[in-house]
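Q: Got a sequence here, can you build the structure:
(4 chains)
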There are 2 protein chains.
Amino acid sequence: MARRTGRRPGKPDTREAILDAARTAFAERGFDAASIRAIAATAGVDPALVHHYFGSKDQLFLAAMNAPVNPGELIPRIVAGDRDGIGERLVRLFLGVWDSPAGTAGVALLRSAMSNEWTARLLREFLVTQVLRRVLDHLDVDPAELPLRGSLVASQLIGLAVMRHVVRLEPIASAPAETLVAVVAPTVQRYLTGDLPT
Amino acid sequence: MARRTGRRPGKPDTREAILDAARTAFAERGFDAASIRAIAATAGVDPALVHHYFGSKDQLFLAAMNAPVNPGELIPRIVAGDRDGIGERLVRLFLGVWDSPAGTAGVALLRSAMSNEWTARLLREFLVTQVLRRVLDHLDVDPAELPLRGSLVASQLIGLAVMRHVVRLEPIASAPAETLVAVVAPTVQRYLTGDLPT
DNA sequence: GTCTATATTCCGATAGAC
DNA sequence: GTCTATCGGAATATAGAC
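A: Now for the predicted structure:
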């Protein structure tokens, strides 16, 4: 969470209560279906107060997505290490983040991106500039292959997240993270550093 | 995206026009956001007529999903053949269906399942009973491993479909199908018949 | 800073005329 | 079969009183 400089509006925790309720609502219903009224009710405030703080539903969504996780400090921990273990470390970190409270924002972004174009763009840019590029930059592979390798990794990891947290297909939905790490890591490792048939 | 089929001479099949408009609308906006009024407008009919034909929005969705593809006759074509080529044939069939006009219904179901619980259940049951079980029944592997193998296959294939047709992450979104078949087939083959680390 | 009241728009569904 | 008219409800957002 970024430090709060400058003006602190209202009671200190009212704003955080709204953001928390917003993340939960967006995660459970997606951007369009989540309503400011319901978010305000959960946070115990008036709907008009949400507008007062955040201006619009779009800005509320952005504010709710901003806090939870910072790839800039997580990714370096997985690219540092032996090259053959990068797939395993990436899958383990990925599942860990989604299983943590911070994962709520991920589910919210994922659900929203499915039926709302501007949140889909948000997800694309997050994946490309915050995750994939940071990982791929540290691999010594043909630069021409990087985009394909990156989107293949994304397809497997996002597919995993969708099945585990949105569609909830068993046994993936309830399996221990390490079980999934063991079986999926080889796939991600091959997409990252393996031979890609042309 | 006007998907107006022109009027048939002598037999204006308005019912099919409605179903076609419905599939497109559900594919582009998901179940909740797609409106009967907009579907009726696209089909060139009155909104009340849609209710007259289909009774409710739920039933309209079911009718729109029902037509397009029948796994019962497609799957046998991929389980018949050498065991080591099942992954490749499955990925090729999967991508082919999604790239065809029938894929519109798939995108509709996928988008809807992300923010609507009963369509999510529809997707789960379709995957399990219509696709995965038909494929896995013909493999000679430990029955206890079938659910995990099946959901792993689903996670990779659905992730691929999400990236190609919903989030539209490049280069997966525009790559030739055979390019993706070549790189993803080994993954699916391993999930189906390979050794799964315990 | 907080909330009441409201403007505006859109939704699914129904009743009933032709 | 097809459409006009409408009911009942929920949404975002704004204006303005305390």
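Q: Export stretch A:148-156 to CSV, keeping only CA atoms.
A: Taking C-alpha atoms only, stretch A:148-156 is exported to CSV below (Å, rounded to 0.1, in the frame of the first residue of the first chain):
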residue,chain,number,x,y,z
LEU,A,148,4.8,-16.2,-28.6
ARG,A,149,6.5,-17.7,-25.6
GLY,A,150,5.0,-15.0,-23.4
SER,A,151,1.5,-15.4,-24.6
LEU,A,152,1.7,-19.2,-24.3
VAL,A,153,2.7,-18.8,-20.7
ALA,A,154,-0.1,-16.4,-20.2
SER,A,155,-2.6,-18.8,-21.8
GLN,A,156,-1.6,-21.6,-19.4
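Q: who's in contact with residue A:189?
A: Contact partners of residue A:189, counting by C-beta atoms under 8 Å, 6 or more residues apart in numbering or on different chains, are A:84, A:86, A:87, A:88. All C-beta atoms are positioned from the backbone trio N, CA, C, and that covers glycine.
Q: packing partners for the strand or helix carrying residue A:146?
A: In this structure, residue A:146 sits in helix A:146-161 according to DSSP states H and E. Contact partners of helix A:146-161 among helices and strands, from 3 or more C-beta pairs under 8 Å, 6 or more residues apart in numbering or on different chains; DSSP states H and E: helix A:86-99, helix A:103-113, helix A:133-136, helix A:177-193, helix B:146-161, helix B:177-193.
Q: Report the inter-axis angle for the last one versus helix A:146-161.
A: The one in question is helix B:177-193. Orientation of helix B:177-193 against helix A:146-161 (axes from the mean of the first three to the mean of the last three C-alpha atoms, to 10 degrees) gives an angle of 40 degrees.
Q: show me what contacts the spatially closest residue to residue A:188 that is not a sequence neighbour?
A: In space, not counting the residues next to it along the chain, residue A:188 is nearest to residue A:87; the distance is 4.0 Å by C-beta to C-beta, 6 or more residues apart in numbering or on different chains. When contacts are counted by C-beta under 8 Å, 6+ apart, residue A:87 touches A:185, A:186, A:187, A:188, A:189, A:190, A:191, A:192, A:193.
Q: ok, 10 Å please
A: Residues in contact with residue A:87 (C-beta atoms under 10 Å, 6 or more residues apart in numbering or on different chains) are A:78, A:153, A:181, A:184-194.
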